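S.K.: Provide a 3D model corresponding to the input given below.
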Amino acid sequence: MVLEHEVIHYLIKRLGKDRIYPHLDIKYHNLKTFLVPLDSLHPHEDVYSDIVEYVINDILSTGFIKYPIVVDIRTLTILDGHHRYNAFKKLGLKYIPAFLVDYAEDCISVYPLRKEIAVSKTLIIETALRKNIYPPKTSRHVYIGFTILPTYTPIKVIEKLESKNIQQDIVLPILRIESN
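M.R.: Residues are numbered from 1 along each chain as shown. Reported below is the predicted structural model:
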């Protein structure tokens, strides 16, 4: 996999380094699913409230979340899963299953779903970090060479995590986010 230097150069120009959280090992954490604190994530798109309600109802009726959201390991920008992220926020949960990817890799591409709005990897990261939000369903990400598999993470496990009663039943490792 080849790195897209445009993303790396943007991060170094904006942050002075190639990632926000230096303690996160890109090679170790890449292409793995973790339980990630919601308050550390950076969305780049708004959502449709009716879809969020549908996701909430699905989670409550099945008792689990099927797929993790997709998050850039360098910036913790949400690439896919904004409706699931907002459903978890609305449910008052503090962690969400997230599949971490290195957005600087060329095996991830993005294209616009709205012809009037330009998107690129650097524009998405910039939008997320500045807390400017695109309209819902503005971008579409394509992943080449890997698949995001379902985790079927039970909501009861995440609720136990919230109450600090986590001795057993943890199905995913917890990603610890350290402040800079």
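S.K.: just the CA trace of the lowest-mean-pLDDT helix or strand in the chain, in CSV.
M.R.: Within the chain, no helix or strand scores below helix 155-162, which has a mean of 81 by mean pLDDT, DSSP states H and E. In CSV, the C-alpha atoms belonging to helix 155-162 read as follows (Å, rounded to 0.1, in the frame of the first residue of the first chain):
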residue,chain,number,x,y,z
ILE,A,155,-25.2,-3.0,23.4
LYS,A,156,-25.2,-4.6,26.9
VAL,A,157,-21.4,-4.9,26.7
ILE,A,158,-21.1,-1.2,25.9
GLU,A,159,-23.5,-0.3,28.7
LYS,A,160,-21.3,-2.4,31.1
LEU,A,161,-18.3,-0.5,29.9
GLU,A,162,-20.1,2.7,30.7
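S.K.: how about residues contacting the host helix or strand of residue 60?
M.R.: Residue 60 belongs to helix 49-62 when assigned by DSSP states H and E. Outside helix 49-62, the residues that touch it by C-beta atoms under 8 Å, 6 or more residues apart in numbering are 65, 83, 84, 86, 87, 90, 91, 155. Bear in mind the C-beta positions are built from the backbone N, C-alpha and C, glycine included.
S.K.: which elements pack onto the helix or strand following that helix?
M.R.: Following helix 49-62 in sequence order, the next helix or strand is strand 64-65 (DSSP H and E). Where contact means 3 or more C-beta pairs under 8 Å, 6 or more residues apart in numbering; DSSP states H and E, strand 64-65 is packed against strand 153-154.
S.K.: one step back: ok, the contacts of helix 49-62 vs residue 74, which is closest?
M.R.: residue 84 (21.0 Å; C-beta to C-beta).
S.K.: what about the closest one, neighbour count?
M.R.: By the criterion of other C-beta atoms under 10 Å, residue 84 has 25 neighbours.
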